[in-house]
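Visitor: Show me the folded form of this:
(chains A, B, C and D)
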Protein chains: 2
Amino acid sequence: MNKPLKTLRWRPVSEPTPSRSERVRQLVLDSTADLVAEVGVERASIDEIASRSGVAKTTIYRHFPSKQVLMVEAVHACTHIPEVTDTGSLRDDLISCFAGMTRASYEGRLGNMMLSLMDAAQRDPELGRLVRAQAEQRRRFATAVIQRAIERGELPDDLDVDLLVTMLSGPLVYTKLVRGQRVTEELVASVVDSVLACYRIPVAPDTD
Amino acid sequence: MNKPLKTLRWRPVSEPTPSRSERVRQLVLDSTADLVAEVGVERASIDEIASRSGVAKTTIYRHFPSKQVLMVEAVHACTHIPEVTDTGSLRDDLISCFAGMTRASYEGRLGNMMLSLMDAAQRDPELGRLVRAQAEQRRRFATAVIQRAIERGELPDDLDVDLLVTMLSGPLVYTKLVRGQRVTEELVASVVDSVLACYRIPVAPDTD
DNA sequence: AAAGAACGCTACGGCATAGTAGCGATTGCT
DNA sequence: AGCAATCGCTACTATGCCGTAGCGTTCTTT
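Guide: Residues are numbered from 1 along each chain as shown, chains lettered A, B, ... in the order given. I've put the predicted structure just below:
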């Protein structure tokens, strides 16, 4: 009614002006991600996406061959890679690493659609690959931070890195998905400090 | 074709023979839980439940006023309360507690439907209450174990119990829901031991 | 300004599903 | 054996959604 056409915000002028086709495509992807974040993957319908984006349903099908493909591309489009830092301090690196992952995965649209996405990934092989790949990428980031600390001698080299990553990731995932609470920077710090305490890593710089 | 009627296994003879109506009701609930565990809450259809259970769709609607109510009752029917133990040892109690929760929540039918259930719970207020109540019940079990240990002096009394429960539950939930792996008794023990190490609780009976 | 590409709109066909109506058959109880 | 409650079956309505056809309109490009 009062939103017949959603105008796409202009991207930085540095980039070349996208074609009309590309603008429409991005608009559809954007609206799809919005809707999926609201109602989930399965309940998002093409008609509703058409209505919200202002793009005709037939035009949507000119860009994407099926709903399944559209969903995969829309989800793929709203996943970003968290930034990495290498401060040389294990604690700071871990906090930065997991805070970045939290922002990338558990906040905003992706955060809202997470549960529905993981459920849909159980049945759609393409979404399954996407979700698995993302989860493994997150683990690789954390593993890299820990490996660097082992090489610096901050952690024992017979460490069960896999368990450690699980001990760090788990409480954050649990807080978000099961408890439905926001993962604050304070929680990240608490979890990191608690886990490091297991390995007798002093949090404040003091040696015993 | 070859399964026109699923016969209900007889329950222990000690209990009074249920009426025909009650038998059919339980059969429907059982088949519903099976189907939900397979395809999820949203994709489970009444027609399919009728077909699998051998109970006519019209009869299903004589027992349950709507699909929504049937889903809630079916899920409710397959949640059991994990058994509790009080061995007096914090480590044993925790392992027993979380192993029991794992069996109750992350294995069998309930385990298979967990992701779909949590997603559906975001939109169905009734399922939401059910899932939240169960999660809080799990937390209370773990909290009780920890409280007992605090009273015995095994843990400091200024402990952040909430964080501790999250640190214990998180890695198990993460392993099941995100990694899709089975939560073994060994993992439970590893997590418990790691977390207890944070608080300088000796795993083997030795005092420093 | 003209041509061609891209889009909007209306109207479909087809399928799956929630729920209901009516009637005949079965079951359990007296 | 008889009776009442319960169940099975075959429809049927209504809805929502995926995906497509055809045609007129708008935009972009030359």
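Visitor: can you give me the helices for chain A?
Guide: Counting by DSSP state H, chain A has these helices, from start to end: A:20-39, A:46-53, A:57-63, A:67-77, A:90-105, A:108-121, A:125-152, A:161-173, A:185-198.
Visitor: How far off centre is the second one?
Guide: When you say that, I think you mean helix A:46-53. Its chain's C-alpha centre and that of helix A:46-53 lie 24 Å apart, by Cα atoms, centre = their mean, to the nearest Å.
Visitor: tell me what that helix is packed against?
Guide: Packing contacts for helix A:46-53, counted by 3 or more Cβ pairs under 8 Å, 6 or more residues apart in numbering or on different chains; DSSP states H and E, involve helix A:20-39, helix A:57-63, helix A:67-77. The C-beta positions use only the backbone N, C-alpha and C, and glycine is treated the same way.
Visitor: can that helix be found next to DNA strand D?
Guide: Yes. Judged by Cβ under 7 Å from any atom of the strand, helix A:46-53 comes into contact with DNA strand D at A:46, A:47, A:48.
Visitor: Same check on the fourth one?
Guide: Yes. Contact between helix A:67-77 and DNA strand D is present through A:67, A:68 (criterion: Cβ under 7 Å from any atom of the strand).
Visitor: And the contacts of that helix?
Guide: A:28-30, A:32-33, A:36, A:41, A:44, A:46, A:49, A:60, A:64, A:110, A:113, A:117, A:120, A:124, A:126-127, A:130 (Cβ atoms under 8 Å, 6 or more residues apart in numbering or on different chains).
Visitor: report the angle between the axes of that helix and helix A:20-39?
Guide: Computed with axes from the mean of the first three to the mean of the last three Cα atoms, to 10 degrees, the direction of helix A:67-77 lies at 90 degrees from that of helix A:20-39.
Visitor: Pull out the buried positions in helix A:67-77.
Guide: Judged by neighbour count using 16 or more other Cβ atoms under 10 Å in any protein chain shown, the buried positions of helix A:67-77 are A:67, A:70, A:71, A:72, A:73, A:74, A:75.
Visitor: any idea how far the fifth one is from DNA strand D?
Guide: Relative to DNA strand D, residue A:73 is positioned 13 Å away (Cβ to the nearest atom of the strand, to the nearest Å).
Visitor: Which residues of chain A lie near DNA strand D?
Guide: A:19-20, A:43-48, A:57-58, A:61, A:65-68.
Visitor: Narrow those residues to those that are buried.
Guide: Buried among the residues of chain A next to DNA strand D by 16+ other Cβ under 10 Å: A:44, A:46, A:48, A:67.
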